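the sequence and its predicted three-dimensional model are supplied below.
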Amino acid sequence: MNKILDMKKISLLLGAGLVFLVSSCTVVYPGVATNNKIVKSGEVEAKLFLGLGNVDVGLYQAAKNGGITKIATYDYSIRAGLFTTKYKTIVTGE
């Protein structure tokens with residue numbers, strides 16, 4: 001009887017651990033910088049493996065990619081998985 005209970009506990013712990021390992025998280029930060037018109041859009045995106053690396057996913061780089069000189073709005077998102085993390089910034093403006 002004790003062996004059956006121990007096996008159930010082990011199975012439950014392994015199942016909970018598996019759910020934890022395969023789950024991911026996404027966070028989005030929207031923002032309004034100014035009252036500038038929304039004419040253009042630019043974005044920058046980067047993916048890191050095990051958090052190693054140095055990437056620029058800032059507002060300036062996204063605006064530069066879209067040819068924007070005056071930022072109106074921005075969206076910054078992070079999607080974290082088990083081994084990789086994806087960063088993305090989208091800006092709009094003139």
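Perfect, I can see it now. Residues are numbered from 1 along each chain as shown.

Ile68 falls within a strand, correct?
No: secondary structure of Ile68 (DSSP: H, G, I helix; E, B strand; the rest coil): coil, not part of a strand.

quick one: least confident helix or strand in the chain?
Averaged element by element with mean pLDDT, DSSP states H and E, the chain has its least confident helix or strand at strand 25-32 (a mean of 65).

which SSE is immediately downstream of it?
strand 40-49 (DSSP states H and E).

the helix or strand hosting Val91 pairs with which strands, and in what direction?
Assigned by DSSP H and E, Val91 belongs to strand 84-93. Strand 84-93 sits in its sheet next to strand 40-49 (antiparallel), strand 71-80 (antiparallel), going by DSSP bridges.

pick the most buried one from the ones you listed.
Among the strands paired with strand 84-93, strand 71-80 has the highest mean neighbour count (mean count of other C-beta atoms under 10 Å), at a mean of 17. To be clear about C-beta, it is placed using only N, CA and C from the backbone, and glycine gets the same treatment.
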